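S.K.: need a structure here:
(chains A and B)
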Protein chains: 2
Amino acid sequence: MSVIRQDPTTKEWVILASERSKRPHDATGQSVRSSAHHHEVSCPFCPGNEQMTPGEIWRVPDDQRAPWLVRVVPNKFAALTPRDNLTRRDEQALFREMDGVGFHEVIIETPQHDRFLALMSVEEVERILLAYQLRYLDLEQDPRIRYIILFKNHGERAGTSLDHPHSQIVATPIAPVLLRRKYQVAMAHYDDTGRCLYRDIVEAELRVKTRLIVETDRYVVFHPFASRAPFETWIVPKSRQPSFGELTAEDRRDLALVLLQVLRALDRLLGSPAFNYVVHSAPAEDADRPYYLWHIQILPRVATIAGFELGSGIFVTTMLPEESAASMREALAEFK
Amino acid sequence: MSVIRQDPTTKEWVILASERSKRPHDATGQSVRSSAHHHEVSCPFCPGNEQMTPGEIWRVPDDQRAPWLVRVVPNKFAALTPRDNLTRRDEQALFREMDGVGFHEVIIETPQHDRFLALMSVEEVERILLAYQLRYLDLEQDPRIRYIILFKNHGERAGTSLDHPHSQIVATPIAPVLLRRKYQVAMAHYDDTGRCLYRDIVEAELRVKTRLIVETDRYVVFHPFASRAPFETWIVPKSRQPSFGELTAEDRRDLALVLLQVLRALDRLLGSPAFNYVVHSAPAEDADRPYYLWHIQILPRVATIAGFELGSGIFVTTMLPEESAASMREALAEFK
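M.R.: Prediction:
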């Protein structure tokens, strides 16, 4: 079982999970597969291999080609696992530690081994977003949970260990320092101006237009002013939704459309890049905070995070968001 | 010229440097070299190619084999460059930006193309540390500079673009959020207890012993309680030195010895891993802060930073520091 420890010099939390070293990776973090296309027979996420994953949590059944369309299972090499107790230890007030209690699940996005998200139909992506939301709503019922993060690692440079398209959801018993910082900044803005920082950013991006990519009835998509990577993309809702759990069916449909557009444009412009995306969302207990909005951050992994970034927290980006946004707008215009 | 922008949602700074996209890398961040051993004829850091780097800043001359032993030059693809003015712009109080004023230098550690740090003698490493310190002291004289970071990227997974052994120093006109956070935590500890947090950690590690690797007259080396990567290693001075600029000749000699021991042990145990190290140090204006100590953080890059880490700021480490520290102690015992 893993433990969660606090860095006494930054108060940031770290999960120490020895079990995860047994993942299908070698010790250097290189995938043991030499090729990107490995045989589906050995893929734990392919239909027919359901017994290779721990007990299924949820599925969208199908009677046609495959037995299911979307499937949610516990992560076999979970960073956190559900247990009864959440014991905190505090040695000399310097070494704070607790049991690695929480949830770590995998959303298997499709029965097809090589059907990458950008190739899917809007309906397929909608189903995945529904799976995200239902698991999100279920996990946030647990009183021990303080934070839930949904994310996707695509490609080896983005940290994926299995090619079969999947996303992950992790529910933690601690609030990350990063979330607290985002709250603190947004709260100060709210106190200063009476307005939601994220709405103000969205309105400013709509006005400035140079970093804007897509605007729909429900979402604004742009490359952020201080992008941490070339082509970093944000999707922010126009409605007042601090939590991702509040999506309506219409919100999901529009989000599926917008997400597909972005991923297809990135795929074309950067040549199938590795990327991560993350759903930032206020936890249940903060779902009514008027100064926060859930949002999706997409980070193409075209650069290596090196000593300067790790040591200072300052990222160096080799392209202005105004330039990358212009390329994205052109690529999207061609799709139409 | 680059620009420095503030993320309005976290107040973190990002450097946007289009010039750096011209580095010897292709667009995906993969090195264009197919092999780790490229011909020294084309290496800008090898003797004979001095004209390939911008104007030399400092050198340790040598009359024997090579014309120099250590050489410091401006980074040809600098993230920040010295200019006269530091103009700040603040559009709608949301989009803070300033010119990319600062310094970005390369410390070429040796004339020998493949003489990796762990293979060097103590004297060679001492010379490199002297170069670090002299450049540090010189750059902190500039009144526009708020922070200086010394770091090394070793290996492609750690973000290096050239094999020839080198370190880098970056001087920024802004204080990183991470430094402010470290101050804030250490200051609260100082106010609560009257003691320096870093000294308290060092004393606790000496008492607990399970994470301890080396203790000398001047330094304590350990794997931190909340390690962000397997074999993350910290070197912390026993003396009260908030700033790296304060090292004495004896401090440098002992540090060279300790750094060599750690790098050799990591090299043996992890099979020549990619790694970053960073010198964390209080800037000149904070050099008398009694609650801070400079320290070196060594991060082997054996895992990929993925969506969970980037989205939550919570790192997942697959090995306990107590286990890795035991391996390090064994490896060091064998050297003796």
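
S.K.: rounded mean pLDDT for stretch A:263-278, please.
M.R.: Stretch A:263-278 carries an average pLDDT of 97.

S.K.: show me what counts as buried in it.
M.R.: In terms of neighbour count (16 or more other Cβ atoms under 10 Å in any protein chain shown), stretch A:263-278 has its buried residues at A:263-270, A:273-278. Quick note: C-beta positions are derived from backbone N, CA and C, even for glycine.

S.K.: ends of it, how far apart?
M.R.: Using Cα to Cα, to the nearest Å, the end-to-end distance of stretch A:263-278 comes to 13 Å.

S.K.: same question for stretch A:221-238.
M.R.: End-to-end distance of stretch A:221-238: 10 Å, with Cα to Cα as the criterion.

S.K.: report whether that stretch contacts chain B.
M.R.: Yes - counting by Cβ under 8 Å from any Cβ of the partner chain, chain B is contacted by stretch A:221-238 at A:Pro224, A:Phe225, A:Ala226, A:Ser227, A:Arg228, A:Pro230.

S.K.: next, the second one: phi, psi?
M.R.: Read it as A:Phe225. Here is the backbone geometry of A:Phe225 (degrees, to the nearest 10): phi -50, psi -50.

S.K.: now do the contacts for the residue nearest to A:Ser239 when sequence neighbours are not counted.
M.R.: Using Cβ to Cβ, 6 or more residues apart in numbering or on different chains and skipping the chain neighbours, the partner closest in space to A:Ser239 is A:Arg218 (6.7 Å). The contact partners of A:Arg218, taken as Cβ atoms under 8 Å, 6 or more residues apart in numbering or on different chains, are A:Pro237, A:Lys238, A:Ser239, A:Glu250, A:Asp251, A:Asp254, A:Leu255.

S.K.: my guess is A:Ala186 meets A:Asp200, correct?
M.R.: No - judged on Cβ atoms under 8 Å, A:Ala186 makes no contact with A:Asp200 at a distance of 9.9 Å.

S.K.: which bits of the stretch 51-200 of chain A sit near chain B?
M.R.: Counting by Cβ under 8 Å from any Cβ, the residues of the stretch 51-200 of chain A near chain B are A:79, A:92, A:94-95, A:97, A:147, A:149, A:151-153, A:156-160, A:168, A:170, A:172, A:176-179, A:181-182, A:185-186, A:197-198, A:200.

S.K.: which of the residues you listed fall in helices?
M.R.: Mapping these onto helices (DSSP state H) picks out A:Val177, A:Leu178, A:Leu179, A:Arg181, A:Lys182, A:Val185, A:Ala186, A:Leu197, A:Tyr198, A:Asp200.

S.K.: so which of the residues you listed comes closest to chain B?
M.R.: For those, the residue nearest chain B by Cβ to the nearest Cβ is A:Leu178; the value is 3.6 Å.

S.K.: what's the closest non-adjacent residue to that closest one?
M.R.: The spatial neighbour of A:Leu178 that comes closest, neighbours along the chain excluded (Cβ to Cβ, 6+ apart), is B:Gly313 at 3.6 Å.

S.K.: what's the neighbour count on the one you found?
M.R.: Applying other Cβ atoms under 10 Å in any protein chain shown, we find 19 residues neighbouring B:Gly313.

S.K.: my guess is it contacts A:Glu12. True?
M.R.: Yes - B:Gly313 is in contact with A:Glu12 according to Cβ under 8 Å; the separation is 6.2 Å.

S.K.: identify the contacts common to those two.
M.R.: Joint contacts of B:Gly313 and A:Glu12 (Cβ under 8 Å, 6+ apart) are A:Pro176, A:Val177.

S.K.: now the residue nearest to A:Leu178: phi and psi?
M.R.: phi 80, psi 0.

S.K.: contacting residues for it?
M.R.: Residues near B:Gly313 by Cβ under 8 Å, 6+ apart: A:Glu12, A:Pro176, A:Val177, A:Leu178.

S.K.: which residues outside the helix ranked longest in chain A are in contact with it?
M.R.: Ordering each helix of chain A by length in residues (DSSP H) puts helix A:249-270 first. Defining contact as Cβ under 8 Å, 6+ apart, one finds that helix A:249-270 is touched by A:117-118, A:120, A:122-123, A:125-126, A:128-130, A:133, A:213-214, A:216-219, A:221, A:231, A:233, A:235, A:237, A:239, A:241, A:247, A:273, A:275, A:296, A:298, A:300, A:302, A:327-328, A:331-332, A:335, B:27-28.

S.K.: tell me how far the residue lying farthest from the centre of chain A lies from B:Leu310.
M.R.: The outermost residue of chain A, judged against the average C-alpha position, is A:Gln92 (35.5 Å), by Cα atoms, centre = their mean. Between A:Gln92 and B:Leu310 the computed distance is 32 Å (Cβ to Cβ, to the nearest Å).

S.K.: report the contact partners of A:Tyr219.
M.R.: Counting by Cβ under 8 Å, 6+ apart, A:Tyr219 has contacts A:Ile235, A:Val236, A:Pro237, A:Lys238, A:Asp254, A:Leu255, A:Val258.

S.K.: re earlier: and the angle from whichever helix or strand comes after the longest helix of chain A to helix A:249-270?
M.R.: The helix or strand immediately downstream of helix A:249-270 is strand A:275-280, counting by DSSP states H and E. Following axes from the mean of the first three to the mean of the last three Cα atoms, to 10 degrees, one obtains 150 degrees for the angle between strand A:275-280 and helix A:249-270.

S.K.: what pairs with strand A:275-280, and is each one parallel or antiparallel?
M.R.: Applying DSSP bridges to the sheet, strand A:275-280 is found paired with strand A:147-154 (antiparallel), strand A:295-300 (antiparallel).

S.K.: and the shortest one, what's its mean pLDDT?
M.R.: It stands for strand A:295-300. pLDDT averaged over strand A:295-300 gives 98.

S.K.: tell me the strands beside the lowest-mean-pLDDT helix or strand in chain A, with direction?
M.R.: Lowest by mean pLDDT, DSSP states H and E among the helices and strands of chain A is strand A:88-91, with a mean of 84. Strand pairing for strand A:88-91, using DSSP bridges, gives strand A:95-99 (antiparallel).
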